[in-house]
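Asks: what would the 3D arrangement of this be:
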Amino acid sequence: MLQTPKFGVVSLGCPKNQTDTEVMLGLLKEAGFDLTFDNDEADICLVNTCSFIEDARRESVRNIVDLASDGKQLIVAGCLAQHFKEELLNELPEARAVVGTGDIHKIVDIAKAIVADSSLRIVQVSATPNDHIDDVMPRVSTSVGASSYLKIAEGCDHACTFCIIPMLRGKFRSRSIDSLVQEAKILVAAGTREIILVSQDSSYYGLDTYGRFALPELLEALHEIEGLEWIRIMYFYPTETNRVLLETMKRLPKVVKYVDIPLQHSHPEVLKAMARPLNPEKCVDLIREILPEAAIRSTFIVGFPGETEEHFEHLHEFIKTHKFDRLGVFTYSKQTEVPSGNMKNQVAQKVKKTRRNKIMATQHTISLDRNEALVGKTLEVLLEGYDEVKELYYGRSQWDAPQIDNTVYVLPEGIDHDYLGEIVQVKIDEAKAYDLFGKVTTACTNSCSESSEPAAKTQKKSAEKRELRAVSI
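Replies: As a prediction, the model looks like this:
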């Protein structure tokens, strides 16, 4: 029996998983357990896994096996646990517990039980993960910089034929506006400058609890939080991206002009097979009509079962025509648990990769053109870190989400580490396809804030926020 075990952590997959990890760590810390971010020091490792596509499963398994090889006892949580339950416990003697996506709030009871009884092994996986916890849960921040994710809902009501999420996460369940605002205020008090709203479909928010699409109301409420600078929304759905939502985004200065809308394909036959909305061009046109200043990010799948060369070329032309500011392309990942995995005419892996590479080559040119148009302009940039190799600071503009979009590198002239976590004005001097380079300037364009604080005040505030951010929320 371990009297005082240290709990380590590995969090894999999407930002929604990251928030679940932070909640589990927060609950463990609140219960008095000792946490460490150095897994070499850990006795028990909490591994929050992803099972969305085959590559994600492999990464999850690889991390689990590596930790087991190092002699760590394991609590396996998240989508892989929800998906494979007993298989994990049977095949991994190091796995002391398996915790499903709807059971993360039970982590303290599970931890106490396995610490008290060294022979105990637990499967805590609800068959239907339809928990609906609206309380503001304690969190321990695992993010770097001044951005925090705020999960506004769980699950999904759509039935895309390639997606396993409804099976792993259940039906769509929104949290209340009051609880989200309360949690956002705690995050901001701990140093957060940017709140990133995440769920499987953020534009669907509120329909289950309020009987209407309530994302505009949530944005209005979050906009009132003092000290919050940016609000970013991830994961729109085409048919829910309506005029009211876009006009709300345009009107509220703190809401960054960034629309992340996975369209998945353009050809109607493929979209029908995917059970996705048709006519994606109408949605793109509406966004550009109302929010011409916005960066549009989309993702597409190539090699979906039955995708012909004609279908693919339709998609390629669609991307060349609409010139998305940010783009991700995935090769179709077969999963037999969902309808597409059992469809005829599966596409060969080599063909999938060739199609992906062709689109990404096109996007490289589009992205370079977009970035070169920013040379000479001044952008607001949230500084996030310092690259020791490049000897440059780096951060993001409002048009870039963390870890998936472009990076802005900033010369160290006139700034130091006290500026990390702050939004500064950067004049762009050089552009590459996915990187921008510039220097901090006091000059301001229309895209900048109307006022800026003196450097000494900014530095003092930044230092205070970093100190707070080390504290769990």
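
Asks: residue contacts, Ala146?
Replies: 191-194, 382, 384, 420-422, 465, 469 (Cβ atoms under 8 Å, 6 or more residues apart in numbering). Glycine gets a C-beta too; all of them are placed from N, C-alpha and C.

Asks: now, these that are in strands?
Replies: Secondary structure from DSSP state E places 194, 382, 384 of the contacts of Ala146 in strands.

Asks: most neighbours among the contacts of Ala146, which one is it?
Replies: Thr192 (30 neighbours; other Cβ atoms under 10 Å).

Asks: so what pLDDT did Lys465 get?
Replies: Note for Lys465: predicted pLDDT of 37.

Asks: please report the number of neighbouring residues for Pro238.
Replies: Around Pro238 sit 21 other residues, with neighbours defined as other Cβ under 10 Å.

Asks: wait, it sits on Pro277?
Replies: Yes: here Pro238 reaches Pro277: they are 4.4 Å apart, a contact under Cβ atoms under 8 Å.

Asks: what is in contact with those two at once?
Replies: Residues touching both Pro238 and Pro277 (Cβ under 8 Å, 6+ apart) are Cys283.

Asks: return the member of the contacts of Ala146 nearest to Gly145.
Replies: For the contacts of Ala146, the closest approach to Gly145 (Cβ to Cβ) belongs to Glu384, at 3.9 Å.

Asks: what's the spacing between that closest one and Pro15?
Replies: Look at Glu384 and Pro15: by Cβ to Cβ, to the nearest Å, they are 15 Å apart.

Asks: about what we covered before: from the contacts of Ala146, pick the one nearest Lys390.
Replies: Distances from these to Lys390 were compared by Cβ to Cβ; the smallest belongs to Glu384, at 13.7 Å.

Asks: how about the nearest residue to that closest one, chain neighbours excluded?
Replies: Gly145 (3.9 Å; Cβ to Cβ, 6 or more residues apart in numbering).

Asks: in a strand, that's where that neighbour is, yeah?
Replies: No: using DSSP: H, G, I helix; E, B strand; the rest coil, the secondary structure at Gly145 is coil, not a strand.

Asks: from what I can see it touches Leu420, true?
Replies: Yes: counting by Cβ under 8 Å, Gly145 does reach Leu420; the two are 7.5 Å apart.

Asks: overlap in contacts, these two.
Replies: Common neighbours of Gly145 and Leu420, using Cβ under 8 Å, 6+ apart, are 384-385.

Asks: just the helices in the stretch 351-473 of the chain please.
Replies: Under the criterion DSSP state H, counting those that start in this stretch, the stretch 351-473 of the chain contains helices at 455-469.

Asks: an error on my part: the question was meant for the stretch 1-150 of the chain.
Replies: Under DSSP H, counting those that start in this stretch, the stretch 1-150 of the chain gives helices at 15-30, 54-69, 79-91, 107-116.

Asks: and of those, who's closest to Thr128?
Replies: Using Cβ to Cβ, those put helix 79-91 closest to Thr128, at 10.3 Å.

Asks: the closest one to helix 54-69, inter-axis angle?
Replies: Direction vectors for helix 79-91 and helix 54-69, defined by axes from the mean of the first three to the mean of the last three Cα atoms, to 10 degrees, enclose an angle of 40 degrees.

Asks: residues in contact with the closest residue to Pro402 other than its chain neighbours?
Replies: With Cβ to Cβ, 6+ apart as the measure, Ser147 is the residue that lies nearest to Pro402, at 5.7 Å, once sequence neighbours are left out. Contact criterion Cβ under 8 Å, 6+ apart gives 192-196, 382, 384, 402 as the residues in contact with Ser147.

Asks: list the beta-bridge partners for Ser147.
Replies: Taking DSSP bridges, one finds Glu194 as the beta-bridge partners of Ser147.

Asks: please tell me how far it sits from Pro15.
Replies: Applying Cβ to Cβ, the value for Ser147 to Pro15 is 10 Å.

Asks: again with Val76
Replies: Between Val76 and Pro15 the distance, using Cβ to Cβ, works out to 20 Å.

Asks: give me the pLDDT for Thr445.
Replies: 34.

Asks: again with Pro5
Replies: Note for Pro5: predicted pLDDT of 89.

Asks: give me the neighbour count for it.
Replies: Counted by other Cβ under 10 Å, the residues lying close to Pro5 total 16.

Asks: how much space between the residue nearest to Glu384 and Glu194?
Replies: Relative to Glu194, Gly145 is positioned 8 Å away (criterion: Cβ to Cβ).

Asks: need the residues touching each of the two.
Replies: When Cβ under 8 Å, 6+ apart defines a contact, the residues bordering Gly145 and Glu194 alike are Leu382.

Asks: next up, the contacts around Thr49.
Replies: Under the criterion of Cβ under 8 Å, 6+ apart, the contact partners of Thr49 comprise 12-13, 17, 60, 63-64, 76-81.

Asks: and which of the residues you listed is nearest Val256?
Replies: Using Cβ to Cβ, Asn17 is the member of these that lies nearest Val256, at 22.7 Å.

Asks: tell me the contacts of that closest one?
Replies: For Asn17, the residues meeting the contact criterion (Cβ under 8 Å, 6+ apart) are 11, 48-50, 78-79.

Asks: any low-confidence regions in the chain?
Replies: Counting by pLDDT under 70, the chain has low-confidence residues at 1-3, 131-132, 442-473.

Asks: how's it carved up into domains?
Replies: In the domain annotation for the chain, the residue ranges read 6-124, 147-372, 378-469 (automatic domain parsing).
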